[in-house]
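A.B. asks: turn this into a structure:
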Amino acid sequence: YAEGEAPVGETTVVRRHFSRGMPSIEGRHRFDDYGAVLLRELRAGRTVVRSDIAHDPTLDDAEKRAHALLQLAATVNVPLLQHGRLTGIFFVHQRTARRWSDIEVG
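C.D. replies: Prediction:
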């Protein structure tokens with residue numbers, strides 16, 4: 001990833017996807033499709049938790065549609081940093097809204 005703000009169209013690649021009854025989300029995805037703050041927060045080392053994407057006021061309609069296409073209704077995005085640089089993301093999701101507990105997020 002480049003330093004600073006992400007250019008429009010910056011992507012991440014999902015290489016492995018483990019699921020029970022969910023379709024695969026392996027492939028290339030644009031960060032800006034999933035909310036303007038997502039990449040900035042991950043680069044800052046902050047976990048991004050979304051409990052009810054369909055009703056999340058921080059996401060616009062296009063961002064909600066991008067999540068819906070992948071059947072993502074609730075997510076936890078944990079940044080993996082190496083020497084202060086975002087190198088990966090541990091990502092947990094489910095198809096229904098969910099209030100993630102502090103233990104689950106931790």
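
A.B. asks: contacts for the strand or helix carrying R28 next, please.
C.D. replies: Assessed by DSSP states H and E, R28 sits inside strand 27-30. For strand 27-30, the surrounding residues in contact (C-beta atoms under 8 Å, 6 or more residues apart in numbering) are G9, E10, T11, T12, V13, V14. Where C-beta positions appear, they are placed from N, C-alpha and C, glycine not excepted.

A.B. asks: tell me the mean pLDDT over stretch 37-56?
C.D. replies: Across stretch 37-56, pLDDT averages out at 93.

A.B. asks: make that stretch 11-27, sorry
C.D. replies: pLDDT averaged over stretch 11-27 gives 72.

A.B. asks: please identify the buried residues of that stretch?
C.D. replies: Buried residues in stretch 11-27, defined by neighbour count with 16 or more other C-beta atoms under 10 Å: T12.

A.B. asks: against A68, how distant is the residue most central in space within the chain?
C.D. replies: When C-alpha atoms, centre = their mean is applied to the chain, the residue found nearest the centroid is N77 (5.0 Å). Distance, N77 to A68, using C-beta to C-beta, to the nearest Å: 17 Å.

A.B. asks: now the closest residue to A97 other than its chain neighbours: how far from E41?
C.D. replies: Distance criterion C-beta to C-beta, 6 or more residues apart in numbering; nearest residue to A97, sequence neighbours excluded, is D52 at 3.9 Å. Distance from D52 to E41, counting by C-beta to C-beta: 18 Å.

A.B. asks: this protein: strands as residue ranges?
C.D. replies: Counting by DSSP state E, the chain has strands at residues 11-14, 27-30, 48-50, 74-82, 85-94.

A.B. asks: so which of those strands is nearest V37?
C.D. replies: The minimum distance between V37 and these falls on strand 48-50, with 7.6 Å, by C-beta to C-beta.

A.B. asks: surely G45 and L81 touch.
C.D. replies: Yes: with contact defined as C-beta atoms under 8 Å, G45 counts as touching L81 (5.5 Å).
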